[in-house]
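Student: what's the 3D shape of this:
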Amino acid sequence: MTLNLDVPASAWEAIGDEGQEGGVWARVVTQITINGVQFHLEGWQIEEPSYGDGTAYLQAALQQDDSLAQLADAVAADGPFTTVSVNGRSYVLVASPYC
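Tutor: Model prediction:
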């Protein structure tokens, strides 16, 4: 069984500084609860390949930190990440529980 969770654009909060590469929309965050456990749901902005097939190769907008590559290593990703669109920008989503 697959559960579908649609997060409205209005639920996302932009994080970061205007002066950063990519501006304040380089990362977005919201909060979700699954079975009583609260999670941060972050969107990491990426640059889509020029052929725009909806998958993200490890070309993070935040190339100064390689968090996306580290995530790929941590989850043993065997292919490209799928992206979602938030306010017209492409993001890879990462959910992590509050500690």
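Student: In this protein, where is pLDDT below threshold?
Tutor: Residue ranges of the chain with pLDDT under 70: 16-25, 47-69, 79-80.
Student: What segments of it are helices?
Tutor: Ranges of helices in the chain, per DSSP state H, are 67-74.
Student: That one: strands as residue ranges?
Tutor: In the chain, strands defined by DSSP state E lie at 13-15, 27-34, 37-45, 55-56, 81-82, 84-86, 89-97, listed in chain order.
Student: Check these for me and report the most buried one.
Tutor: For the strands of the chain, the largest average neighbour count (mean count of other Cβ atoms under 10 Å) is found in strand 55-56, namely a mean of 19. To be clear about C-beta, it is placed using only N, CA and C from the backbone, and glycine gets the same treatment.
Student: any chance of the strands of the chain in JSON lines, plus distance to Thr2?
Tutor: Below are those laid out as JSON lines (distance: least, Cβ to Cβ, whole Å):
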{"stretch": "strand 13-15", "distance to Thr2": "27"}
{"stretch": "strand 27-34", "distance to Thr2": "14"}
{"stretch": "strand 37-45", "distance to Thr2": "17"}
{"stretch": "strand 55-56", "distance to Thr2": "19"}
{"stretch": "strand 81-82", "distance to Thr2": "14"}
{"stretch": "strand 84-86", "distance to Thr2": "16"}
{"stretch": "strand 89-97", "distance to Thr2": "15"}
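Student: Looking at these, spot the one closest to Ala74.
Tutor: Nearest to Ala74 among the strands of the chain is strand 89-97; the distance by Cβ to Cβ comes to 10.3 Å.
Student: May I have the closest one exported as CSV, CA atoms only?
Tutor: This file holds the C-alpha atoms of strand 89-97, laid out as CSV (Å, rounded to 0.1, in the frame of the first residue of the first chain):
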residue,chain,number,x,y,z
ARG,A,89,11.6,25.3,-8.8
SER,A,90,12.8,21.7,-8.7
TYR,A,91,13.6,20.1,-5.4
VAL,A,92,14.7,16.7,-4.0
LEU,A,93,12.8,15.9,-0.8
VAL,A,94,14.5,14.7,2.4
ALA,A,95,12.5,13.7,5.5
SER,A,96,14.3,13.4,8.8
PRO,A,97,12.8,12.9,12.3
